[in-house]
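1. Just a sequence and a predicted model for now, questions to come.
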Amino acid sequence: MTSSSLQFAAAVTIPDHLIGEVHSKLAYVDERIAKAHISPSGDQITLELKYAIPAAERAAIEEKVQRVVLSMAKGAIRPKVQVLEDYLDRPTPFAADPMPELLRRGELFQEAEGIYALGPLFTRLIEWFENRFLQLADSFSARPYRFPTLIPARFLERVGYFRAFPHSLSFATHLRTDLDQIDAFAEGASCDEHGHLKVPLESFAPVRTLLSPAVCYHLYFTLADQTLPPQGVVATAVGNCFRYESLNLHSLERLWNFTMREVIFVGDKEFVLANRELARQRMQRVFGEIGFAYRVESANDPFFIGEFRKQAAFQSAFQLKYEIRARLPFKDGTLAVGSYNYHQDFFGRHLNIRLPDGSPAHTGCVAFGLERIAFAFLAQFGFDSIHWPSSMQEVFG
């Protein structure tokens, strides 16, 4: 089928600080959109459609896009970005996109959209960073946990995840426990040319679980309806996380299935904030030792359209989230490879996690995306370990 394009003026001019956020949400507007582009001036939008469609349907797509633009950009106020560390100008010996070389070497194998198998070099690089993050966890005497990949829907409902991030959810189900349905599936199940499983929806059981979008949520659920010990709780865990990003799934920068290592703090406000800051300072030394080019700056989570302006403004006003943004020399841009987060008493209130005095507990976490940080490292230092930091040459040389 022949593709087509659709171009129109934005209902309101999109401020430059919001162009990236609005662009990312256009991926969820309509399944027939193949690509989207917003002009640098923020006043023109161009959509590449997968195939030609009638004028009425084109108008319906444009109307949905304008809903996104108005919801996110109308009356938007530029947030004040607070920078805690800025080492983006550190010299790095590499400037090419690592993806082609990773694929050529067999270090990556794309199984599906946003899903990759990782080879030995990339795996060892992840392990090197993992060891540094485990040392950070050990410096807090963090208790180790292992959490499941699945998470009950009732838990996510309890903390309002369905309203805040509906676009990124991944659902898990199974065949109904009915012999006729199971036999019919075994005999007739197949995939079409797009890899879609051809099975009637009524063959599946009601959805009770999802693929987990974050590691720290599991810890908070284990502490629900309990009173914390006076010293608070510090924990660490690594796990698979799943956030569907549609057209935004791109190389190792945006994965549907990725791995996160977290160090998690639960206690009173001073306990959480002091430990979050101490973790940042300790990681600053680690990144400095290897000459990593990055910046730590205030940010917001990728809330969905209806919640974006309110929640993003709230996070910005109270400095709840700081991202570690690594430089990607090949695209003159940055990539978030980790974050320092403070949730105030949100989880304490919603999950009834109590301090000894009966008040809601506060929570925070330090989170690192393992595939992303390894990718950013290769983007800065390349594949020849002679150009790598001396502390890493001992392992990889």
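-> Noted; the coordinates are in hand.
2. Distance check, Arg280 against Tyr342.
-> According to Cβ to Cβ, to the nearest Å, Arg280 stands 11 Å off from Tyr342. The C-beta positions use only the backbone N, C-alpha and C, and glycine is treated the same way.
3. Neighbour count for the two, which is higher?
-> Tyr342 (21 against 16; other Cβ atoms under 10 Å).
4. how much space between that one and Phe271?
-> 11 Å.
5. got the end-to-end distance for stretch 348-362?
-> End-to-end distance of stretch 348-362: 6 Å, with Cα to Cα, to the nearest Å as the criterion.
6. For it, which residues meet the burial criterion?
-> Residues of stretch 348-362 classed as buried: 348, 351, 353-355, 360-362 (neighbour count, 16 or more other Cβ atoms under 10 Å).
7. Show me how this structure divides into domains.
-> Listed by automatic domain parsing, the domain ranges of the chain are 4-73, 83-166+209-396, 174-203.
8. how long is the shortest one from one end to the other?
-> In other words, domain 174-203. First-to-last distance for domain 174-203 - Cα to Cα - comes to 9 Å.
9. The longest one too?
-> End-to-end distance for domain 83-166+209-396: 33 Å, by Cα to Cα.
10. next one: phi and psi at the residue nearest the centre of the chain?
-> Residue closest to the mean C-alpha point of the chain, counted by Cα atoms, centre = their mean, is Arg243 at 6.4 Å. Backbone torsions of Arg243, given as degrees, to the nearest 10, read phi -140, psi 110.
11. May I ask you to confirm that it is in contact with Ser212?
-> No: Arg243 is beyond contact range of Ser212, at 9.9 Å (criterion: Cβ atoms under 8 Å).
12. Identify the residues contacting Val272.
-> 232, 265-266, 342, 362-364 (Cβ atoms under 8 Å, 6 or more residues apart in numbering).
13. what's in contact with stretch 165-185?
-> Here stretch 165-185 makes contact (Cβ under 8 Å, 6+ apart) with 25, 28, 150, 161-162, 199, 202-211, 213, 242-246, 256, 301-304.
14. For the longest helix that the chain contains, the averaged confidence score.
-> Assignment by DSSP state H gives helix 269-290 as the longest helix of the chain. Mean pLDDT, helix 269-290: 97.
15. swap in stretch 70-77?
-> Throughout stretch 70-77, pLDDT has a mean value of 86.
16. CA atoms only: put it into CSV for me.
-> Extracted as CSV, the C-alpha positions of stretch 70-77 are listed here (Å, rounded to 0.1, in the frame of the first residue of the first chain):
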residue,chain,number,x,y,z
LEU,A,70,-3.9,21.8,23.1
SER,A,71,-3.8,19.6,26.2
MET,A,72,0.0,19.8,26.5
ALA,A,73,0.9,23.1,25.1
LYS,A,74,-1.9,25.7,25.5
GLY,A,75,-0.9,28.1,28.3
ALA,A,76,2.2,26.0,29.1
ILE,A,77,4.8,27.7,31.2
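17. Return the set of buried residues in it.
-> Quick answer for stretch 70-77 (16+ other Cβ under 10 Å): 71-73, 76.
18. likewise stretch 253-270?
-> Buried residues in stretch 253-270, counted by 16+ other Cβ under 10 Å: 253-268.
19. count of neighbours near Val83?
-> When neighbours are counted by other Cβ under 10 Å, Val83 comes out with 12.
20. Ok, the one 5 residues further on next?
-> The burial metric for Leu88, expressed as a neighbour count using other Cβ under 10 Å, is 13.
21. Going forward, count from 31.
-> Fine by me, first position is 31 from now on; the one you just mentioned is Leu118.
22. A strand includes it, no?
-> No: counting by DSSP: H, G, I helix; E, B strand; the rest coil, Leu118 falls outside a strand, being coil.
23. What separation do you get for it and Val396?
-> Per Cβ to Cβ, Leu118 is found 20 Å from Val396.
24. Please apply the same query to His47.
-> 25 Å.
25. next SSE after whatever helix or strand Asp210 lives in?
-> Asp210 belongs to helix 209-218 when assigned by DSSP states H and E. Next along the chain after helix 209-218, taking DSSP H and E as the criterion, comes strand 239-241.
26. just checking, what packs against that next one?
-> Counting contacts by 3 or more Cβ pairs under 8 Å, 6 or more residues apart in numbering; DSSP states H and E, strand 239-241 is packed against strand 180-182, helix 183-188, strand 201-202, strand 263-272.
27. Most tightly packed of these?
-> strand 263-272 (a mean of 20; mean count of other Cβ atoms under 10 Å).
28. Can you tell me the strand partners of whichever helix or strand comes after that strand and which way each runs?
-> Toward the C-terminal end, the helix or strand that comes next after strand 263-272 (DSSP H and E) is strand 287-297. Sheet partners assigned to strand 287-297 using DSSP bridges are listed as strand 263-272 (antiparallel), strand 392-399 (antiparallel).
29. Let me know which of the ones you listed is the nearest to Ala126.
-> Distance to Ala126, taken as Cβ to Cβ, is lowest for strand 392-399 among the strands paired with strand 287-297, at 21.4 Å.
30. between the closest one and helix 299-320, how many degrees?
-> Relative orientation of strand 392-399 versus helix 299-320 (axes from the mean of the first three to the mean of the last three Cα atoms, to 10 degrees): 20 degrees.
31. buried set for strand 392-399?
-> Applying 16+ other Cβ under 10 Å to strand 392-399 flags 392-399 as buried.
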